[in-house]
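> Predicted model and sequence follow; I will ask about them next.
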Amino acid sequence: MSWNCRGLGNPYSSAVLSHLVREKAPNVLFLMETKQMMDEMRKFQADLRYDNLLVVPCVRRADGLAMLWKDEVRLDVQTYCLNHIDAHILTDPNSPWRLTGFYGRPEDQRKHESWGLLKHLHSRDIVPWVCIGDYNEILSSLEKQGHRLRHPRFMDEFRSALLHCGLVDIGYQGNIFTWRNHKQGEAFVQERLDRACATIVWRELFPQATVRHLQALYSDHDPILLTLQRETHNGRRKKFPKRFEERWATHPECESII
């Protein structure tokens, strides 16, 4: 799960995070704009019951990243800075892959730094790769509602960076927008800034992977949940979940069978 929490010092945000973790139980949690130092994040690690933690501390109570994960995930951190945490997932030794938590620059004049970082990360490795987080940019005008249109140059540069890295947007389930400014009337703006992008070989490794946009009332960003449903090819019959069909209750023998 990835979430730009906009600061964990507020009790409301920490309560929302605790609820999300209890409800969704993500094995790996990537947080942006924590505005917390190492010791403070260790308290959240204990409360959320994660076995492992990597913290990029905030600077003068701004920014800050954290990645938390369970022992069942064999995660090996490779590099990190104020705008990313890059790791290898080695849970299956035969199929290692790469997970990057990414936080793009919000300032228009510094967007090029984000795409430069993305291209640098691409050059460091060749294993299947998924990059998730708040890119702070949209891919098309359809991903923005309200106020004036986004300048095409910024969207073109974002698309160009993804193309250079071989990253493709995985898509989503739920509301299209993941960020809103909480203003009223004509000043209200919402955009899809948070996403997960992956290389083709990663998609082949996890063909059933999905991204779901969740809800968080406190932050102006919604969390996104990446679920991996890897197909097996060992000849076993695929298991389907057991469900109760409501119309079965109208069958005359329903009560006696139950």
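Now that the structure is in, tell me what you want to look at. All values reported here derive from a predicted model rather than from experimental measurement.
> Work out for me the element His88 sits within.
In this assignment (DSSP states H and E), His88 forms part of strand 84-89.
> helices or strands up against that strand?
strand 65-69, strand 75-81, strand 97-103, helix 111-124 (3 or more C-beta pairs under 8 Å, 6 or more residues apart in numbering; DSSP states H and E). Any C-beta I mention is one placed from the backbone N, CA and C, and that applies to glycine too.
> residues of the last one that come out buried?
Going back to what we said before, that points to helix 111-124. Applying a neighbour-count criterion of 16 or more other C-beta atoms under 10 Å, one finds 111, 114-115, 117-118, 121-122 buried in helix 111-124.
> what does the strand holding His88 rub up against?
Outside of strand 84-89, the residues within contact range by C-beta atoms under 8 Å, 6 or more residues apart in numbering are 30, 54, 56, 65, 67, 73-80, 96-103, 117, 121, 124, 127, 133.
> ok, of these, which come out buried?
For the contacts of strand 84-89, a burial check counting by 16+ other C-beta under 10 Å picks out 30, 54, 56, 65, 67, 73, 75, 80, 96-103, 117, 121, 133.
> for the closest residue to His88 other than its chain neighbours, what are its contacts?
Leaving aside its sequence neighbours, His88 sits nearest to Asp76 (C-beta to C-beta, 6 or more residues apart in numbering; 4.6 Å). The contact partners of Asp76, taken as C-beta under 8 Å, 6+ apart, are 87-88, 90.
> Equivalent analysis for Val59, please.
Leu82 are the contacts of Val59 under C-beta under 8 Å, 6+ apart.
> Local confidence estimate at it?
If you check Val59, the pLDDT there is 93.
> Show me the beta-bridge partners of it.
Using DSSP bridges, the bridge partners assigned to Val59 are Ala62.
> circling back: which one of the contacts of Asp76 has the most neighbours?
Ala87 (22 neighbours; other C-beta atoms under 10 Å).
> if we can go back for a sec, closest one of the contacts of Asp76 to Ile138?
Lowest distance from Ile138 to these (C-beta to C-beta) belongs to Ala87, with 26.3 Å.
> Against Gln215, how distant is the closest one?
27 Å (C-beta to C-beta, to the nearest Å).
> Can you list the buried residues in the strand or helix carrying Glu157?
Using DSSP H and E, Glu157 maps to helix 152-165. Under the neighbour-count criterion of 16+ other C-beta under 10 Å, helix 152-165 has 155, 158, 161-162, 165 buried.
> Now do the helices in the chain.
With DSSP state H as the criterion, the chain has helices at 11-24, 38-48, 111-124, 152-165, 200-205, 254-257.
> Tell me what angle the strand holding His88 forms with strand 65-69.
Here the directions of strand 84-89 and strand 65-69 differ by 20 degrees (axes from the mean of the first three to the mean of the last three C-alpha atoms, to 10 degrees).
> So which bits of the helix or strand of the chain with the lowest mean pLDDT are buried?
Least confident helix or strand of the chain, by mean pLDDT, DSSP states H and E, is helix 254-257 with a mean of 75. Of the residues in helix 254-257, none count as buried by neighbour count, 16+ other C-beta under 10 Å.
> again, but for stretch 5-24
Going by 16+ other C-beta under 10 Å, stretch 5-24 has these buried residues: 5-8, 13-14, 16-17, 20-21.
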